[in-house]
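Student: Give me a model of this one.
(2 chains, ligands or ions: 2)
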Amino acid sequence: MKVIATYNIKGGVGKTATAVNLARLAAREGAPTLIWDLDPQGAASYYFRIKPKIKGGGKKLIQGKRNLERSIRGTDFELLDLLPADFSYRNMDIFLEGTKKPSHQLYKLLRQFKNEYEYVFLDCPPSISLVSENIFDATTAILVPTIPTTLSLRTYTQILQFFNKHDLDTTKLLPFFCMTDRRKKMHRTMMDSPAEYLKNLMPTAIPYDSKVEQMGAHRAPLVEFAPNARAARCYEALWNDVKSYTSQLK
Amino acid sequence: MRIEFIVQGSQDIEQLKSSVQENFLVRLEPPRTVFRTHYDSFDWRLYHKESLLEDTRDGKEHILVWKTLKGENYCPRMKLREMPKFAWDLPKGPFRDLLTPVLEMRELTPKVKVRSRIHVMHLLNKDEKIVSQIILQENNLQRQRGARSQELDNRTTIVPVRGYAKPSIEVARFLEQHGLTPMQDDLMITALNLIDASPGDYSTKLQLTLDPEMRADRTMKIILRRLLDIMLTNEDGTRSGTDTEFLHDFRVAIRRTRSALSQVKAVFPKQTLDRYKREFAWLGQITSPGRDLDVYLLNFDDYRNNLPVGMQPHIDPMRDFLIKQQAIEHNALVKAMNSQRYRRILKSWSAFLDEPVKVRSTLRNATQPTISVARKRIWRIYKGILRDGGLITQSTPAEVLHDLRKDCKKLRYLMEFFRSLFPEKYIEQLTRMLKTLQTNLGDHQDYDVQITSINEIRSQMQTQENGTGETLLAMSMLIEGLQAKLRQTRSEFAVQFNTFAAKENRKLFRELFASTWESQKTLQ
Ligand SMILES: Nc1ncnc2c1ncn2[C@@H]1O[C@H](COP(=O)(O)OP(=O)(O)OP(=O)(O)O)[C@@H](O)[C@H]1O
Ligand SMILES: [Mg+2]
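Tutor: Ligands and ions are numbered 1, 2, ... in the order given. Okay, the predicted model is just below:
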């Protein structure tokens, strides 16, 4: 089982769009896949037409007192399941603090699915906190959507700093450029000679494509309703990048 | 959870479809034809775990579902471009991890084939999310195994979407009200019955219920006939050579036959006996090199993983070498199996076994009751094992242990041949004890043989300039590893033997096999 998070402390950079589309692609290829919508806003759940609600609330679920399995919902797509968001996830930190090994808890919860799913995607909310430490601990790889602007790159260096400070494995961090627009000079510069600290920069970038925004209206992954859209094709290429990178990891 | 219904012959699929549509919010897929095949190993390993593997070929895709016969919640699923032959052909992942320990080295073979015209209806909720699937199937048995193509039950299956049980229950209730009958049996099992295949029907166990008072020569013919049948069942698979276990089972039947011929004395005329002893020895010979190579290849991953990571790739030329040798040996075996000698033996052996025994016989054991012959023979071998094993010390040469292993095997075969004559509970207990000792002796022998053969292979590769220095070094390391294991098993022998020879077991052996028929009845 490979656990892949989409993560950034910055909001609105394409984390959910990436998680939703890559998860769909993984399942389409035949791999049993789960996507866990960890964001209390429930955007990923919304895209799959699933109520962002956990029966009995998120607390019991996170503390392992309620069977995680019972909260899983099948999506409209074969081999793809979703663990919905819940509004109570905004108190995730507090829930995790209530467990024995707070920074280990997500890993512990996910381990029960190791025979069932080949990929688990974690769609993360934008914040650095205990949740994030859990993410680092539980994941095989962390995809970091990054817009090619000075400000976004600064955010990336902050994530790197956090990693180094906590002595976390930076080879897990997989940044990739997204919402790119080659008409913008700054985008071009940043993409053509990427900063040195973007160590595992994925070769594929996801261009800005207004079709992505239509996911809200279609309530389906882009790769499903517009498989030939530019961004959809790039998600496919990105998924191949991610697969080949993670297959090298043990 | 899966709910399945039979659609009675009088019920029209189109009508059923429209009445579902009138009562539920559904999205209809255009009907299409899929091909469903039930897969299992030749020896029904999945069926023995109360499951079956169903492959649905849908266009260019294969959907593989590992169903339980009880219809449980979660079934491992997998989508593939090509149907795998062995567990190791599957892509790495949970499906393969789950299947491997059950299927091991056996090939997946098609058991029955069904063609289904399917009408898929997606049941939607108010968010237009799919919450259940209703699949109407018009099923046909495909032409196969001498059975003609014919209609099968039409069925309706409700496949609930995970986390949404209620809507499926509502549809199920609706269908029941419309006169559909819930159905427990999997369609594939129904189909198997139609082609007269009985799932789980292969076993290398003798499964004979013998009559203790029957004359020994007749009983022996029954046992040997069963062994011949096992051989014949594995003949085709042995010739084709993809799945190694056919040859294995084929060989075991030969070995058991040889053991029966030499162990149960004075039941068949000497001339006959000598002929078949010789011929079965030949069969043992021609099947032996192929099996050895199979074993090395099946063990190869273990060999490789036990080397230091850096050395692992260097051993790979040995695998290539083994594969080449295996092809050579397999061809030689097939040639032998096509020879007149081979055909002649099987034919005359079969005729001999089917021929009724002569009323009178001058042979010492021929007309004796089976039970007394069996007990005498088992008791004798057992006493020999106790005596010889008790003399073994750390400095005893390996050959002595090998001989002891052979005797244990003889004992084991005899106990298997005649097991139905003795109280099951006790014979099972003693077999278990014996098995543990056999494992120790078997490992000891295997390591010893492997060390010798890998040494030989190593020098063969060296003379044929087939291996680089690294490869030869890796092979030496492999041999060292095996030597360590050999020493380990040898050091464990004493404990294993003492358990086997413990007082309670000795007492049980004596009661079962040494004392009179009467005393045995008190055991029951
Ligand atoms: N490549 C793209 N081109 C155009 N629009 C995009 C692209 N990727 C994402 N968007 C749009 O940008 C918005 C934010 O994207 P998304 O929700 O995926 O980001 P996020 O990082 O998950 O946000 P949040 O931090 O709120 O969870 C959405 O409206 C989405 O449709
Ligand atoms: Mg989001």
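
Student: Can you tell me the number of residues neighbouring the residue in chain B that ligand 1 sits nearest to?
Tutor: Here the residue of chain B nearest ligand 1 is B:D127; by CB to the nearest ligand atom that distance is 19.0 Å. Every C-beta, even on glycine, is put in place using the N, C-alpha and C of the backbone. Neighbour count of B:D127, defined by other CB atoms under 10 Å in any protein chain shown: 12.

Student: measure it to A:A141 for me?
Tutor: Here the criterion is CB to CB, to the nearest Å. By it, B:D127 lies 32 Å from A:A141.

Student: rewinding a little: my guess is the residue of chain B closest to ligand 1 contacts A:R49, does it?
Tutor: Yes. Using CB atoms under 8 Å, B:D127 is in contact with A:R49, at 4.5 Å.

Student: So for those two, which residues contact both of them?
Tutor: Jointly contacting B:D127 and A:R49 under the rule CB atoms under 8 Å, 6 or more residues apart in numbering or on different chains are A:R219.

Student: before we move on, the earlier item: what about the residue of chain B closest to ligand 1, is that helix, strand or coil?
Tutor: coil (DSSP: H, G, I helix; E, B strand; the rest coil).

Student: Retrieve the pLDDT associated with it.
Tutor: Note for B:D127: predicted pLDDT of 95.

Student: residues touching it, list them.
Tutor: A:R49, A:R219.

Student: Report whether the host helix or strand of A:Y46 contacts chain B.
Tutor: Assigned by DSSP states H and E, A:Y46 falls within helix A:43-47. No. If you take CB under 8 Å from any CB of the partner chain as the test, helix A:43-47 misses chain B, and the best it gets is 9.5 Å.

Student: And the contacts of that helix?
Tutor: A:16, A:19-20, A:35, A:37, A:51-52, A:82, A:84-85, A:123, A:215-216, A:219-221.

Student: Contacting ligand 1 as well, which ones from those?
Tutor: Among the contacts of helix A:43-47, proximity to ligand 1 is found for A:T16, A:M215 (CB under 6 Å from any ligand atom).

Student: and which of the contacts of helix A:43-47 is nearest ligand 2?
Tutor: The shortest approach to ligand 2 among the contacts of helix A:43-47 belongs to A:T16, at 3.3 Å (CB to the ion).

Student: That closest one - nearest residue in space that isn't next to it in sequence?
Tutor: Spatial nearest neighbour of A:T16, excluding adjacent residues (CB to CB, 6 or more residues apart in numbering or on different chains): A:A43 at 4.5 Å.

Student: Tally up the residues packed near that neighbour, please.
Tutor: With other CB under 10 Å as criterion, A:A43 counts 19.

Student: do the same with the one 5 residues further on
Tutor: Counted with other CB under 10 Å, the burial measure for A:F48 works out to 25 neighbours.

Student: Please name the residues that touch it.
Tutor: A:V20, A:I35, A:R73, A:T75, A:D76, A:L82, A:R219, A:A220, B:K129.

Student: The residue nearest to B:G93 when sequence neighbours are not counted and B:K60: what is the separation?
Tutor: Ranked by CB to CB, 6+ apart and with sequence neighbours excluded, the top spatial neighbour of B:G93 is A:E118, at 4.5 Å. Distance of A:E118 to B:K60, computed by CB to CB: 21 Å.

Student: ok, now A:T33?
Tutor: Taken as CB to CB, the span from A:T33 to B:K60 is 21 Å.

Student: So if I had to pick from the two, which one is more boxed in?
Tutor: A:T33 (26 against 7).

Student: tell me the phi and psi of A:Y197?
Tutor: In terms of degrees, to the nearest 10, the main-chain angles of A:Y197 are phi -70, psi -10.

Student: Then B:P182?
Tutor: phi -60, psi 150.

Student: wait, it sits on B:T156?
Tutor: No. Under the contact definition of CB under 8 Å, B:P182 does not touch B:T156, with a separation of 10.2 Å.

Student: Please enumerate the shared neighbours of the two.
Tutor: Joint contacts of B:P182 and B:T156 (CB under 8 Å, 6+ apart) are B:E4, B:F5.

Student: Neighbour count: the two, which is higher?
Tutor: B:T156 (26 against 11).

Student: now the strands for the chain?
Tutor: No chain was given, so I picked chain A. Remark: strands assigned in chain A by DSSP state E are A:2-6, A:33-37, A:73-74, A:80-83, A:119-123, A:141-146, A:173-180, A:206-207.

Student: You answered for a different chain; I wanted chain B.
Tutor: Using DSSP E, strands in chain B cover B:3-7, B:26-28, B:32-40, B:51-58, B:61-68, B:77-80, B:109-124, B:130-141, B:150-151, B:154-160, B:181-182.
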